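Trainee: with the input below, show me the fold.
(chains A, B and C)
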Amino acid sequence: MSVENINHTEENEHLRYDTCETVLEVKDLVVHYELEDETVEAVNGISFSLKRGQTIGLVGETGAGKTTTALSTLNLLPDPPGVIKNGEITVCGHKMLELKPQELEKIRGKEISMIFQDPMTSLNPVMTVGEQIAESVRLHEGISKKEAFERAQEMLELVGIPGERAIDYPHQFSGGMKQRVVIAIALACNPYVLLADEPTTALDVTIQAQVLDMINDLKKRLGTALVMITHDLGVVAEICDQVAVMYAGRIVEYGTLEDVFAHTKHPYTEGLFNSLPNIADKNAELKPIPGLMPDPTKLPPGCAFAARCQYATEACKSAQPEPTYFSDTHYVLCTRYYEPDFRLLTRGV
Amino acid sequence: MKNPETAVTTKKKNRSRAGETWHRLKKNKGAMLGLAIIILLVLIALYTSIFWDYNTMIVKVNIPERVQPPSPVHPFGTDDMGRDVLIRTLYGTRYSLIIGFGATAIGLIIGVLLGAVAGYFGGIYEDIIMRATDIFASIPAILMGMVIVCVLGASLPNLLIAVGITAVPAFTRITRSMVLTIRNQEYIEAAKCIGTPNLKIIITEVIPNSLSPIIVVASSRIGSCTIQAAGLSFLGFGVPAPAPEWGAMISLSRNYIRTAPWMTLFPSLFIIIMVLAFNILGDGLRDALDPKLKR
Amino acid sequence: MIRYIIKRLLWLIPIIFCVAFIIYALIDLAPGTILDTISTENLSPEEYQQLVEQYDLDKPMIYRYAKYMLNLLRGDLGRGEATGLDVWREYTSRFPATLKLAIAGLIIGVALAIPLGIIAAKNAGTWVDNLVTGFTMIGISMPSFCLGLILIICFSYKINIFPAGGFDSGIRSMVLPAVASGLLMAGTTARQTRSSMLEVMRADYLRTARAKGVPEKRVIRKHALGNALIPIITSIGNTLAIMLAGSAVVESVFSWPGVGRLTVQAVNSRDATLTCGCVILTCIVFVVLLLIVDLLYALVDPRIKAQYTAKKRKGEKKHEKS
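Mentor: Numbers count the residues shown, from 1 in each chain, chains lettered A, B, ... in the order given. Next up is the predicted model:
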């Protein structure tokens, strides 16, 4: 609709935009939650980077450290108990972990923003949705209240909600509509990076598809780089260029969509695929991964997946695997690939 | 990310509910201090009458020694009748303790029964009880207390009744709302199905399961009942002179506030310490009973 | 909305009936009558009989109650038997003093309590929090007369800045009673502010606000406080209601000529009409204030406003709230 208006500030910023080709870079991130009598090792050294307009999918079960990674990226981890032990996060040249709170406030929402998992609780119940969208615009672009409100209405239209509903409160919207509002808030200042934390999990299936389409569409139109956090491989296949499969706070397999989907290397990724029902062959048995994710307060010394892995050997349990590269873009953390002729049973070529 | 509650339950499964609460309470230093003060006050209340005779030490007028400032002989000074303020204050502990516990107990018993009946049976019972509670609660407690004491006569039991009755609505409401949430749970349905009598269900199932919020209300009530009773005594609607009830002592001391502030200060200090101890313990108990509320 | 207000005000009628009944019944139950408080020794038996008839003491309690209620329906609160005071005029002449004190206390209390509560919640678990929590704990554990008398000892006698009581020295005579009621109010309100802020503090929408770059100050003041306000308002409203209705203790400490002292005087002189009138009027003030508090919710929370304006209202709703 009014993408031109939304992008009106872009021309002034072309320079900046061009100078930062890599809009997001996460290096060796380690995050712990230090509770009263134990420490949860939520993220244990992950690295990835994202160029402008690209989309990366962070895939994994609940508890793999996906949300923690995203919150750390914004330097928004609840502290206490969350502590970033190590790592470097760069958003468009800003080192997020070294900035002062006031400087961070200028970057959040403007250069990087986030869509949260649960639209029901992510909106302030006592402010109109228009105010909530306009707030971000006013803060970052210093325009008048009226202009900001008009922009909020445009944003609502952009996500498919009539602009006149800007004066309504969140409780007057359905779940899918609320998620659209959350997306409108995140995109209001046209950020370079958008973190989407399971944006569709809380929604009905039909609404899920609409919201995904919308995110995909907006991403293309606004040129935003996207970090898609999900446990749904279907979502990944639909919108991601790169995939990082996470397990117990580590990226166990990383590659392009094609690398990971067509040339699956890690036993865990294989397990994820085999857990999906196969429509073509209804009689085929589901093969769920046995067992549970290890307790993040007592991670094993070796590969965290070894206990559930059908390929595991004694070597897997004793030492952390080092990455094995199959191409410039594709690597896995799996001890078994130290053996040159190791192959997965069901997938990968 | 991680549910702290499951971690707790798996680790300490072998402890009973009460044991678990006690374990958490023990870790709270403030609550333990409060408990220690209360135990100390109870001991004082129990033993003062052994050390000091009521007639000769507590109420006997001793004009030569009247209005003396604190000294080694009379650490808290003496009052207008020459009585030792320290001994009177210590002796007064029993009144405030009896009122605090007694009035709360009266409010608790009546309130919990009414609330349980209202919540469990619903319908007309509920309407009558809750409406009556609403009406009752719209009369300010201190006025109610004044009228009741005035009518029944100023004495310790009447003060207890007056303060206890004003505590009823709080218990009725909390019990009813707890019972309402419990009433429809499966185990109550099950008890009904096998023909357990209603009263038995209320006493053996409903009340025990709604216990922890009631305990929380009760523990915070003890302090406010003590304050309220002291206030009534202060206004002259309480334990009659010459009994050394703290509120009454302070009320009598007002005429000497300029010349003998110790007569006001020491009993005040004791009231504050006692209520403080109850409130700290109450807070700790609330945190211990409801770990979800705790950070 | 208007229907709701009317409904709540109609609720006053049964309250008034019951309150009057309770008081008449209690005074009837009490040993002695109004005549015990007046000197009757010098009266002849005829004069005594006349007094008995004048107060209907030979009739059953229910007769006096019915008579009182009939007068009340005509808007006549009567004249105190023992004190001879016109109840309505006396109450309304005393009420402004009570109101003044309550409002001054409210201002002091809120100005202290809300910042303290927010600071404690923001620094939850640190020494700042412990300090504030400790202070508020002492605040709620202190009977008003203790605080009042301690203030008098400190500021009237040790250093003579403010008068110990009365109403004569204008604003200066108000300082101590207002500070006493304000500090008492601050205790409960600060605790409520802290706990409801703590509850809101971890809310997802605060994370949303932070993620869009809202400065921390604004996150706390606008987003968090805006949502934490309802229990805070309830707490303030309740304390204010208690201050307006039953400030008997504070008024008595500072010899403040308000309605609280009037009530004490009425009860002390066994004056059924004056007591009844005071209690009824106080209850009305109490209920109206709680109604105002309820209406304030709608101002703060759009979800509650939606409830009021919704056509269909369930009777159960009011149950829940009361």
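Trainee: what separates residue A:331 from chain C, distance-wise?
Mentor: In this structure, residue A:331 and chain C are 31 Å apart, going by CB to the nearest CB, to the nearest Å. In short, each C-beta sits where N, CA and C put it, glycine included.
Trainee: partner residues bridging that residue?
Mentor: Assessed by DSSP bridges, residue A:331 has beta-bridge partners residue A:254, residue A:325.
Trainee: which one is the residue of chain A found nearest chain B nearest to, not counting chain neighbours?
Mentor: Using CB to the nearest CB, the closest approach of chain A to chain B is made by residue A:40 at 5.4 Å. Of all residues not flanking residue A:40 in the chain, residue A:33 sits nearest, at 4.0 Å (CB to CB, 6 or more residues apart in numbering or on different chains).
Trainee: with residue A:201 instead?
Mentor: Leaving aside its sequence neighbours, residue A:201 sits nearest to residue A:117 (CB to CB, 6+ apart; 6.1 Å).
Trainee: if we can go back for a sec, does the residue nearest to residue A:40 belong to a helix, a strand or coil?
Mentor: Each residue gets one of three states, and residue A:33 gets strand by DSSP: H, G, I helix; E, B strand; the rest coil.
Trainee: look up the residues forming beta bridges with it.
Mentor: Under the criterion DSSP bridges, residue A:33 forms beta bridges with residue A:40, residue A:82.
Trainee: low-confidence ranges in chain B?
Mentor: Per-residue confidence for chain B (pLDDT under 70) gives these ranges: B:1-15, B:290-295.
Trainee: likewise chain A?
Mentor: Counting by pLDDT under 70, chain A shows low-confidence ranges at A:1-20, A:278-282, A:284, A:347-349.
Trainee: and the residue of the stretch 1-150 of chain C that's closest to chain A?
Mentor: For the stretch 1-150 of chain C, the residue positioned closest to chain A under CB to the nearest CB is residue C:125, at a distance of 7.9 Å.
Trainee: just the helices from the stretch 101-250 of chain A, written as ranges.
Mentor: Defined through DSSP state H, counting those that start in this stretch, the helices belonging to the stretch 101-250 of chain A, from first to last, are A:101-107, A:119-122, A:129-141, A:145-158, A:175-187, A:205-222, A:233-239.
Trainee: what's the angle between the longest one and helix A:175-187?
Mentor: Counting by axes from the mean of the first three to the mean of the last three CA atoms, to 10 degrees, helix A:205-222 points 20 degrees away from the direction of helix A:175-187.
Trainee: CA-only coordinates of helix A:205-222 in CSV, if you can.
Mentor: The C-alpha trace of helix A:205-222 is given here as CSV (Å, rounded to 0.1, in the frame of the first residue of the first chain):
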residue,chain,number,x,y,z
VAL,A,205,-3.4,-22.9,11.3
THR,A,206,-5.2,-20.8,8.8
ILE,A,207,-4.1,-17.6,10.4
GLN,A,208,-0.6,-19.0,10.7
ALA,A,209,-0.4,-19.2,6.9
GLN,A,210,-1.7,-15.7,6.4
VAL,A,211,0.8,-14.2,9.0
LEU,A,212,3.7,-16.1,7.4
ASP,A,213,2.7,-14.9,3.9
MET,A,214,2.5,-11.4,5.3
ILE,A,215,5.9,-11.5,7.0
ASN,A,216,7.4,-12.9,3.8
ASP,A,217,5.8,-10.3,1.7
LEU,A,218,6.8,-7.4,4.0
LYS,A,219,10.3,-8.7,4.2
LYS,A,220,10.7,-8.6,0.5
ARG,A,221,9.1,-5.2,0.1
LEU,A,222,11.0,-3.5,3.0
